[in-house]
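S.K.: Whatever this is, show me its structure:
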Amino acid sequence: MTQTARIPLPAAASGGDVATVPDRPTPLALGLLAVGMLIPVTLPVPVLRGLVHERFGVSELWVAAFMSVNMVGALLAAPLAGAWADRTGRRRGPIAAALAVDAALFVALAQPLPFWLFMLLRFVEGAAHITALSLLLSLAGDRARLCGSGRVMGFVGAGLTLGVAMGAPIGGVLGNVDPLRPLWLGAGISAALAIACRFALGELPRTTGRPTLREIVAAVRRDRALLVPLAYAFVDRFTVGFFTTQFTLWMKGVHGLEPARVGMLLGLFLGPLSLLSYPFGRLAERGSRVALVAGGSVVYGVGLLTLGAWPLDALPIVMVGLGVASAVMFVPSLMLTTDLAAPAVRGTALGGFNGAGSLGFLLGPLVGGAVSHLVAHRHGAALGYPAAFAVAGLAELACVALTLRALRRLACAGRTA
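M.R.: Below is the predicted model of the structure:
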């Protein structure tokens, strides 16, 4: 049974009184749940060639489409899931249901299917996964009001990135034996999480009214400031989309690396991101979120822009540096969203954050694939992949240039730090 504790709510939520709220879910529990949700996402990344290209005999452009099509489902489902959470206040049961559906879809993807059905199921899997993740972030956003946004979002951000970091190397090892094994493991993890959520995840009581869908839409449209963190969510996931496809194909096609080593390199990028998300979240709680988001994005953008110029032996160090730069900006950008969103529509805002990220992840592999294909056709594959990463780096730097004035204005207005 869920325990309760006397925790003072913010005056806006509680009217100045001390309210009784559950002491679960704890920030650590939310972080662990985030780990489990994100591991299945990157399990297939190191084995894309065997899972899609060789299994179905399709072009590398379809490999990129495989990583993008589930983001179409995610793009459509994320804002709806967030708005539904704001409208009903229910998260635990729907999270468990979405994870159960996700597990069933992973099993289906491992079956002998025609390629069109394989891609259709991938689309639905993206919607199921992002629904669970958006509802988790909505729950974390409510919890952040009670425990401090740096602590809660630090744990959740660390969990998200740790799950991604663990998935790539594990998928690489499993893929050396059979490219379908990452799908089976993803199904098992999602099923176990569905059971754990249904029986062990606590639920926070509502501290605001139940807005109608019209009121939710009106509140989000009224506040254009939310476009700033959504822009960073978009461009950050846009660049990650280049890693999930172009980096894997680059390392395999040009340098001949095995899936396990590709997974290791991706782990060197994602490992620092996961380990440092919590410390930088706590730092953002006490310092300037604007400085961390903008500064980290500049360093990250320059690193991406020059990625193709480094020799293979230097890539492990470069990937670690990119991971550190990502950690500087990732959790503070989440915190910007919770800072700027009104409490009654926080779930919708975080769903929009996920939706913007999904759009970025949808376009990233497609744009990366198109750029590398075009440049490779004219100048060879050795230049095609680095050109794609140069585009990703320029996109990150452009985002900072376009939003820096707005970030400073929001900080001066006291809406964020």
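S.K.: Which positions in the helix or strand hosting residue 392 come out as buried?
M.R.: Using DSSP states H and E, residue 392 falls within helix 381-412. Within helix 381-412, the residues that count as buried by 16 or more other C-beta atoms under 10 Å are 381, 384-393, 395-397, 399-400, 403-404, 407, 410-411. Where C-beta positions appear, they are placed from N, C-alpha and C, glycine not excepted.
S.K.: Please apply the same query to stretch 157-165.
M.R.: When neighbours are counted by 16+ other C-beta under 10 Å, the buried residues of stretch 157-165 are found to be 157-165.
S.K.: Show the average pLDDT along the helix holding residue 392.
M.R.: Within the predicted structure, the mean pLDDT of helix 381-412 is 92.
S.K.: For that helix, which helices and strands make contact with it?
M.R.: With contacts defined as 3 or more C-beta pairs under 8 Å, 6 or more residues apart in numbering; DSSP states H and E, helix 381-412 has these neighbours: helix 227-242, helix 248-253, helix 289-305, helix 346-379.
S.K.: which element follows the shortest one toward the C-terminus?
M.R.: Yep, that's helix 248-253 we're talking about. The first helix or strand that comes after helix 248-253 along the chain, using DSSP H and E, is helix 259-286.
S.K.: Would you mind giving the helices and strands packed on helix 381-412 as TSV with mean neighbour count and distance to residue 261 added?
M.R.: As requested, the helices and strands packed on helix 381-412 are arranged in TSV below (neighbours: other C-beta atoms under 10 Å; distance: least, C-beta to C-beta, whole Å):
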stretch	mean neighbour count	distance to residue 261
helix 227-242	24	19
helix 248-253	22	7
helix 289-305	22	20
helix 346-379	23	20
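S.K.: Distance to residue 332 for these - can I get that in JSON lines?
M.R.: Listed next are these as JSON lines, based on distance: least, C-beta to C-beta, whole Å:
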{"stretch": "helix 227-242", "distance to residue 332": "9"}
{"stretch": "helix 248-253", "distance to residue 332": "28"}
{"stretch": "helix 289-305", "distance to residue 332": "4"}
{"stretch": "helix 346-379", "distance to residue 332": "13"}
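S.K.: Among these, which comes closest to residue 51?
M.R.: Using C-beta to C-beta as the measure, helix 248-253 is the one of the helices and strands packed on helix 381-412 that comes nearest residue 51, at 10.8 Å.
S.K.: packing partners for that closest one?
M.R.: With contacts defined as 3+ C-beta pairs under 8 Å, 6+ apart, helix 248-253 has these neighbours: helix 259-286, helix 381-412.
S.K.: what does that helix rub up against?
M.R.: Taking contacts as C-beta atoms under 8 Å, 6 or more residues apart in numbering, the residues outside helix 248-253 that touch it are 45-46, 48-49, 60, 63, 257, 259, 261-262, 265-266, 372, 381, 385.
S.K.: neighbour-wise, which of these leads?
M.R.: residue 46 (36 neighbours; other C-beta atoms under 10 Å).
S.K.: Is it in contact with residue 267, as I believe?
M.R.: No: applying C-beta atoms under 8 Å, one finds residue 46 not in contact with residue 267, separated by 9.7 Å.
S.K.: And the helices in the stretch 1-150 of the chain, which stretches?
M.R.: Here the stretch 1-150 of the chain has its helices, by DSSP state H, counting those that start in this stretch, at 11-14, 27-42, 48, 55-56, 60-88, 92-109, 115-147, 149-175.
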